[in-house]
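Peer 1: Next input, structure requested:
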Amino acid sequence: MPKLTNQIVIEKAKQLGFDLVGFAKVDLLEDETERLQQWLDMGYQASMNYMEKNLHKRKDVKEILPTAKSVISLALNYYTPEKHSSNAHIGKVSRYAWGKDYHLIIWQKLDELETTLKELEPEFESLSYVDTGPVMDKAWAVRAGISWMGKHTNVINPDYGSWFFIATIITNYEFEYSEIITDHCGTCTACIDACPTNAIVQEFVVDANKCISFQTIENKNEIPIELKGKFDNWIFGCDICQDVCPWNQKFSVISSIKEFFPHNKELTYDEIIKLENQSFKERFTESPIKRTKLKGLQRNAKFLFE
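Peer 2: Next comes the predicted model:
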């Protein structure tokens, strides 16, 4: 009898606050990697050159952990009920960045979970990721049965919508494998229709060059002038395609993680422009907003309000 079962893993994960747990058999992500390559060939990755690296690892997790037999996909809900201000002079921050950096929260939970599982079963080997390595976390979330892929390329769960972070554990242990959830988007195109920059160029395909989230977070250069006036005051990230999704409007659940509740929900032009490197670091040291660095955040403020 194996010392670890699906139920034990689920129980331990939920004790740590994870909301969803699914199990997938390790296999090659043939179709997913082919679609990724097509996306790269179109130049839709913009300046995210890291997406072009380690395709062999993205395709085959055994290139990461040679003994891999299973992938455990976990989700942590971050939804909080607050709404953005309609004040035209305030910059909006994507909901995921309102509170503490999710990496800091999830890494700690993963470390505790993996330590517990190894104590129960010394032969349990694992490597874990929180969108920080060459792992196709959304593809594994679909294969592990905790979500389906939305047309906006965010994954959706029928009980939580799309307001959740994904963590991935690759392990040498065998489990019973979850059934895939059927795609429930149907003929809905709300996310595609709502995007002010037309970044969702077709179902399941986002052109990062047009995406507000890319432009305000990942882009290290100037924001293209042709996008001026189309950002709807989003100063860090963008939630439009998720806000309009019927699954989020009907089934969002308030997070149990208090660190996700708002600290930096909105930012004004004046407070951003007055920031200096030290005050920026002090304010955003545990926030995802630090990713833009001060230069990027001030660029965003000027693009929106000057």
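Peer 1: rest of the way, CA atoms for contacts and neighbours
Peer 2: Will do.
Peer 1: Let me know how buried residue 303 is, in neighbour terms.
Peer 2: By other C-alpha atoms under 10 Å, the residues close to residue 303 number 20.
Peer 1: Name the nearest residue to it, sequence neighbours excluded.
Peer 2: residue 228 (7.1 Å; C-alpha to C-alpha, 6 or more residues apart in numbering).
Peer 1: do the same with residue 262
Peer 2: Spatial nearest neighbour of residue 262, chain neighbours left out: residue 98 (4.5 Å); criterion: C-alpha to C-alpha, 6+ apart.
Peer 1: number of nearby residues for the nearest residue to residue 124 once chain neighbours are set aside?
Peer 2: Spatial nearest neighbour of residue 124, excluding adjacent residues (C-alpha to C-alpha, 6+ apart): residue 118 at 5.4 Å. As a burial measure, residue 118 scores 14 neighbours (other C-alpha under 10 Å).
Peer 1: How about residue 292?
Peer 2: Residue 292 has 18 nearby residues by other C-alpha under 10 Å.
Peer 1: next one: residue 294
Peer 2: Residue 294 has 21 nearby residues by other C-alpha under 10 Å.
Peer 1: show me the contacts for it.
Peer 2: Residue 294 is in contact with 275, 276, 277, 280, counting by C-alpha atoms under 8 Å, 6 or more residues apart in numbering.
Peer 1: where along the stretch 101-250 of the chain do the strands fall?
Peer 2: Ranges of strands within the stretch 101-250 of the chain are 126-129, 148-149, 155-156, 164-171, 200-202, 205-206, 234-236, based on DSSP state E, counting those that start in this stretch.
Peer 1: Can you list the strands that the second one pairs with?
Peer 2: Listed by DSSP bridges, the sheet partners of strand 148-149 and their directions read strand 155-156 (antiparallel).
Peer 1: Just the helices from the stretch 51-200 of the chain, written as ranges.
Peer 2: For the stretch 51-200 of the chain, the helices defined by DSSP state H, counting those that start in this stretch cover 55-59, 102-120, 137-143, 190-194.
Peer 1: quick one: low-confidence parts of the stretch 201-306 of the chain?
Peer 2: By pLDDT under 70, the stretch 201-306 of the chain has no low-scoring segment.
Peer 1: Among the helices of the stretch 51-200 of the chain, which comes closest to residue 20?
Peer 2: Nearest to residue 20, of all the helices of the stretch 51-200 of the chain, is helix 137-143, at 9.9 Å by C-alpha to C-alpha.
Peer 1: what does the average pLDDT come to for that closest one?
Peer 2: Average pLDDT, helix 137-143: 98.
Peer 1: For that helix, give me every contacting residue.
Peer 2: Against helix 137-143 from outside (C-alpha under 8 Å, 6+ apart): 22-24, 32, 71, 73-74, 131, 147-149, 154-155, 166-168, 178-181.
Peer 1: again with stretch 193-203
Peer 2: In contact with stretch 193-203 (C-alpha under 8 Å, 6+ apart) are residues 151-152, 192, 206-212, 227, 230-232, 240-241, 244.
Peer 1: Please identify the buried residues of that stretch?
Peer 2: Neighbour-count burial for stretch 193-203, counted by 16 or more other C-alpha atoms under 10 Å, picks out 194, 195, 196, 197, 198, 199, 200.
Peer 1: Format those residues as TSV; extra columns: pLDDT.
Peer 2: As requested, those are exported to TSV (pLDDT from 0 to 100):
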residue	pLDDT
194	98
195	98
196	98
197	98
198	98
199	98
200	98
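Peer 1: Surely residue 67 and residue 170 touch.
Peer 2: No: look at residue 67 against residue 170 with C-alpha atoms under 8 Å: they stay out of range, at 9.4 Å.
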